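Trainee: Sequence and predicted structure below; questions after.
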Amino acid sequence: MKNTIYLSTLTLLLSLSTTSAFAVENHGSPADDFKVKLKADVAAPAPKKTAQVEHKAAEHPEASAVKPVAATTKKTASKTPSSYKREIRTTGDLTVYTVTGRAPHLYMVSRDLYGNEKQWKAIAEWNSLKEPYTLKQGQELAIKKAPTISNAEADEVLIKNYTKLNRMETVAGIQAAQEKPTAEEEKEAPAPAPAVAAAAIAPKSEVAPLPSPTPAATVAAAEETPYNHPEEAKKEEPAAQKEEAKAEPAQAHHSKWGFKTSLALSKFTLDGKLNDGTSDISLDSDLDYGIELELAYHMSEKAELIIGAAVEKMDIHPKESVGEIEGESQYLAKYTLGMEYEAVPLVTLAGLINYEQTPFVEPTPTGAEVKAIYIPQVQFGARWNVVNTGKFKTSIITDGLVLMATNHDGLDLKTGGGFLAGVRFANEFSNRTLTYGVSYRDIYQDTEDSKNNLHTWYANIGLIW
């Protein structure tokens, strides 16, 4: 029995010894296992940051040790001086005008180019614009007639007009556009934010970082103006400008019409003689005076319809005693319907039909009788525009006349003729034009028994509006 117990114990010890030797050979001792584990814990790297952690850090930079410097972008003014600058360039024979805040409507563009709104319709035709003739900021317009006023004159015209409308913001913009911008007014690009130090020292992530705005996008945002956003521009549009825009069709329609009133002075010599040579009479007038009214309708940029009426007080006396003079003091009337057409900038053609009371002298046994006879006349010729600076014009008038045959109180007048020559000046200021000039007319008309010649000097001064 005892031998059996000893044998079992010996077998158990042998098994334990074998097992321990195997463990030491493959894994080392338990103390070694502890040392290896401790060394591994110390040498192990820190756990990597996930994309969620990095994104959170980007959203809250104040949590990092080094805070980034915030970049500030100064918002620029919505309307810069360049928004009110007169922008004109020449391409070949064509002038190109760029629409800006200084002239947002057609009649204002006409003022900016020519000092008045009369050319708005022509500008619309050149660019095939239709009602309601809406213009956009930056839109380019083809101008076929060269501007007649300088930049300084255009600024003066617009400033005066906008001051009347109490549009002081626009006035200030035009005035600012005249001045050279200072260094402080020049826009500076915003300084980019420095790189975040924490991000620089952070270990690289396997997840790509979120994209940041490019500098170009930042600059574009800083340069935004109401012109890039029509809705915003509409909100900021002054009430006065809206009212002026509403009134444009009425002003444009009114600009098709022109009205002229003139005061006229005249002095004439009337010669009459019988064909048989038995009587020869010459009569002179005093310095006569009268008034002329004229209505002009601008059919197009070059064509104008004219309707006129005039009345003149005539007083005459003989050069020498010829006996009794009948009809020496009378009123003479004149009615006109015609058209003027600008064929080329230098020449304007004219065609008129006049129905005019013309003095006619007929010798009598006791002296002479002066009759005021309505005679239809056809007048045609040209106005030679020798000077045109936009605000001042000088024209030379050369016309021919044909007096139609007519019958008056048993007096049969044959077809007559004559000519008219003169010079006319026009000074334009504000929305009015002052005209003045002198001319000379020489006409003749005969009957079966007598001949008549009328030599007349005219001077007039008038106002067109």
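Mentor: Alright, I've got the coordinates.
Trainee: Let's see stretch 426-437 as PDB, backbone CA atoms only.
Mentor: Below are the C-alpha coordinates for stretch 426-437, written out as PDB (Å, rounded to 0.1, in the frame of the first residue of the first chain):
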ATOM      1  CA  ALA A 426     -28.400 129.700 -80.500                       C
ATOM      2  CA  ASN A 427     -27.100 129.600 -76.900                       C
ATOM      3  CA  GLU A 428     -28.300 126.700 -74.800                       C
ATOM      4  CA  PHE A 429     -28.500 127.000 -71.000                       C
ATOM      5  CA  SER A 430     -30.300 124.800 -68.500                       C
ATOM      6  CA  ASN A 431     -33.500 123.600 -70.300                       C
ATOM      7  CA  ARG A 432     -33.900 126.800 -72.400                       C
ATOM      8  CA  THR A 433     -32.300 128.000 -75.600                       C
ATOM      9  CA  LEU A 434     -31.800 131.600 -76.500                       C
ATOM     10  CA  THR A 435     -31.900 132.300 -80.300                       C
ATOM     11  CA  TYR A 436     -31.200 135.500 -82.200                       C
ATOM     12  CA  GLY A 437     -30.200 136.500 -85.700                       C
END
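Trainee: For it, which outside residues touch it?
Mentor: 115-116, 160, 260, 262, 390-395, 397, 422-425, 459-465 (C-beta atoms under 8 Å, 6 or more residues apart in numbering). To be clear about C-beta, it is placed using only N, CA and C from the backbone, and glycine gets the same treatment.
Trainee: Which of those are buried, as a PyMOL select command?
Mentor: Here is the PyMOL command that selects the buried residues among the contacts of stretch 426-437 (16 or more other C-beta atoms under 10 Å):
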select buried, resi 115+116+260+262+390+391+393+395+397+422+424+460+462+464
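Trainee: Mark which of the contacts of stretch 426-437 are part of strands, please.
Mentor: Taking DSSP state E, the ones among the contacts of stretch 426-437 that sit in strands are 260, 262, 392-395, 397, 422-425, 459-464.
Trainee: Quick check: beta-bridge partners of the residue lying closest to residue 287 once chain neighbours are set aside?
Mentor: In this structure, residue 287 finds its nearest non-sequential neighbour in residue 267, 5.5 Å apart by C-beta to C-beta, 6 or more residues apart in numbering. Beta bridges link residue 267 to residue 457 when assigned by DSSP bridges.
Trainee: Now do the same for residue 267: its pLDDT.
Mentor: Confidence at residue 267, expressed as pLDDT, is 94.
Trainee: residues of stretch 110-130 that come out buried?
Mentor: Buried, per 16+ other C-beta under 10 Å, within stretch 110-130: 110-124, 126-127, 129.
Trainee: re earlier: so how far is residue 88 from the residue nearest to residue 287?
Mentor: With the distance defined as C-beta to C-beta, to the nearest Å, residue 267 ends up 48 Å from residue 88.
Trainee: neighbour count winner among those two?
Mentor: residue 88 (17 against 14; other C-beta atoms under 10 Å).
Trainee: still on that earlier bit, quick one: contacts for the residue nearest to residue 287?
Mentor: 284, 285, 286, 287, 288, 456, 457.
Trainee: quick one, longest strand in the protein?
Mentor: Under DSSP E, the chain gives strand 367-388 as its longest strand.
Trainee: Any stretches of the stretch 201-350 of the chain with poor pLDDT?
Mentor: Where the stretch 201-350 of the chain drops to pLDDT under 70, the residues are 201-255, 319-323.
Trainee: mind redoing it with 80?
Mentor: For the stretch 201-350 of the chain, residues meeting the criterion pLDDT under 80 lie at 201-256, 275-279, 301, 317-328.
Trainee: So which residues of it form strands?
Mentor: 257-274, 280-285, 288-298, 303-318, 324-326, 329-344, 347-364 (DSSP state E, counting those that start in this stretch).
Trainee: What residues sit buried inside the third one?
Mentor: Meaning strand 288-298. 288, 290, 292, 294, 296, 298.
Trainee: Same check on the second one?
Mentor: Of the residues in strand 280-285, those buried under the neighbour-count criterion (16+ other C-beta under 10 Å) are 281, 282, 283, 285.
Trainee: got it, and the last one?
Mentor: For strand 347-364, the neighbour count (16+ other C-beta under 10 Å) marks 348-350, 352, 354, 356-363 as buried.
Trainee: try the fourth one
Mentor: Neighbour counts using 16+ other C-beta under 10 Å place 304, 306, 308, 310, 312, 314, 316, 318 of strand 303-318 among the buried residues.
Trainee: same thing with the shortest one?
Mentor: Within strand 324-326, the residues that qualify as buried by neighbour count (16+ other C-beta under 10 Å) are residue 325.
Trainee: what about the residue lying closest to residue 465 once chain neighbours are set aside, distance to residue 464?
Mentor: Counting by C-beta to C-beta, 6+ apart, residue 465 lies nearest to residue 432, which is 5.0 Å off, once chain neighbours are set aside. Distance, residue 432 to residue 464, by C-beta to C-beta: 7 Å.
Trainee: Isn't residue 106 up against residue 133?
Mentor: Yes. Counting by C-beta atoms under 8 Å, residue 106 does reach residue 133; the two are 5.2 Å apart.
Trainee: Going by how many neighbours each has, rank these two and give me the top one.
Mentor: The neighbour count for residue 106 versus residue 133, taken as other C-beta under 10 Å, is higher for residue 106 (24 against 17).
Trainee: okay, the more buried one: pLDDT?
Mentor: For residue 106, pLDDT reads 90.
Trainee: same question, the one 5 residues further on
Mentor: As predicted, residue 111 sits at a pLDDT of 90.
Trainee: Does it belong to a helix, a strand or coil?
Mentor: helix (DSSP: H, G, I helix; E, B strand; the rest coil).
Trainee: Now for it: which residues touch it?
Mentor: 103, 117, 154, 157, 158, 161.
Trainee: pLDDT and distance to residue 343 added to the residues you listed, as CSV?
Mentor: As requested, those are exported to CSV (pLDDT from 0 to 100; distance: C-beta to C-beta, whole Å):
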residue, pLDDT, distance to residue 343
103, 90, 30
117, 83, 24
154, 90, 28
157, 89, 28
158, 91, 32
161, 85, 32
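Trainee: So which of those is the closest to residue 139?
Mentor: residue 103 (11.1 Å; C-beta to C-beta).
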